[in-house]
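Engineer: I'll drop the sequence and a predicted model, then ask my questions.
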Amino acid sequence: MKTDSQLLFAGIIPARYKSTRFPGKPLALIGKKPMIQRVFEQARKSLDLVYVATDDSRIYDTVLNFGGKAIMTSPDHRSGTDRCAEAVSKIAEDTGKMVDIAINIQGDEPFIKPEQIELLIKCFTGENVEIATLIRKCETGEDIFNPNQPKVIINTEGDAIYFSRAAIPYIRDVEKIDWSKKHVYYKHIGLYAYRTDILKKITLLAPGQLEIAESLEQNRWLENGYRIRTAVTLWENIGIDTPDDLVKANMLLEHFT
């Protein structure tokens, strides 16, 4: 078994050109740089090995042009997790080294903080950690009922018990407006890290009933007995899902430079 210092971590940024709400999103400019470049540069502040995994030659060429590393992957992947699994093998071919931990970094979060990636890295000091992800404590009065912001409950070890679009747990005999005053709710931040042997296994799993019900991929892993360690981050990530989000990102840029 490798020690912590011997583990090889690789950041993988899945990026596809086609998007229903925002085609070509990875190449959209934030300031004078394409979004994918900003994500790559933030990831490199914490990781020596970072690759963009894409199915589009325009994204591939853009990454190479700004000096980054990229690999071409299949256009048929169902999710970024599946694309990461293929990327791990191709990174091994490119570097001659086997990746131990793959960190799946969202390609539409240009302001991701290096400290968040480092939180995930620290999760793997324990040999029993298979998958890791980030969560954030919801503030008192925050909207915990937004179904577009998944919540998670955890056990005493910090492992996820369940992810839901609903506010969980249900607080009995308390008005919903006061729930966040009576209990600490956690919002899920969609940044993952996986041991690569586990990554290969979870991509072979068929969609589970809990995943289908909530439309949350991570519930498939829990349903099949895999453990997901969580780490608490203080920061909320800013995702770019629509052209309107891009306008806001450009307005925020001056605060992140």
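Structural biologist: Looks like it came in fine.

Engineer: please enumerate the strands of this protein.
Structural biologist: In order along the chain, the chain carries the following strands (DSSP state E): 9-15, 29-30, 33-34, 50-54, 70-72, 101-104, 131-137, 151-154, 160-164, 186-195, 228-232.

Engineer: so which of the ones you listed gets nearest Asn219?
Structural biologist: Asn219 sits nearest to strand 160-164 of all the strands of the chain, at 5.5 Å, using CB to CB. Where C-beta positions appear, they are placed from N, C-alpha and C, glycine not excepted.

Engineer: just checking, what packs against the closest one?
Structural biologist: Other elements packing on strand 160-164 under the criterion 3 or more CB pairs under 8 Å, 6 or more residues apart in numbering; DSSP states H and E are strand 151-154, helix 209-214, helix 218-223, strand 228-232.

Engineer: and Tyr170, how far from Lys182?
Structural biologist: From Tyr170 across to Lys182, the span is 11 Å (CB to CB, to the nearest Å).

Engineer: how close does Glu223 sit to Ala213?
Structural biologist: Note on Glu223: its distance to Ala213, by CB to CB, is 10 Å.

Engineer: who has more neighbours out of the two?
Structural biologist: The neighbour count for Glu223 versus Ala213, taken as other CB atoms under 10 Å, is higher for Glu223 (15 against 11).

Engineer: burial measure for the nearest residue in space to that one that is not next to it in sequence, as a count.
Structural biologist: Leaving out its chain neighbours, the residue that sits closest to Glu223 by CB to CB, 6 or more residues apart in numbering is Gly208, at 4.0 Å. Applying other CB under 10 Å, we find 15 residues neighbouring Gly208.

Engineer: when you give positions from now on, start the count at 474
Structural biologist: Sure, I'll start counting at 474 from here, so that last one is Gly681.

Engineer: got a list of what Gly681 touches?
Structural biologist: Asn692, Arg693, Glu696, Asn697 (CB atoms under 8 Å, 6 or more residues apart in numbering).

Engineer: out of the residues you listed, which is most surrounded?
Structural biologist: The residue in the contacts of Gly681 with the most neighbours, by other CB under 10 Å, is Asn692 (23 neighbours).

Engineer: so that residue touches Ala633, yeah?
Structural biologist: No: checked against CB atoms under 8 Å, the pair Asn692 and Ala633 is beyond contact range at 9.3 Å.

Engineer: give me the contacts around the top helix by length along the chain.
Structural biologist: In the chain, taking DSSP state H as the definition, the longest helix is helix 553-568. The contact list for helix 553-568, computed with CB under 8 Å, 6+ apart, reads 483, 485, 487, 489, 522, 524, 526, 528, 542, 544, 546-547, 550, 570-572, 575, 577, 579, 665, 667, 669, 672-673, 675-676, 690.
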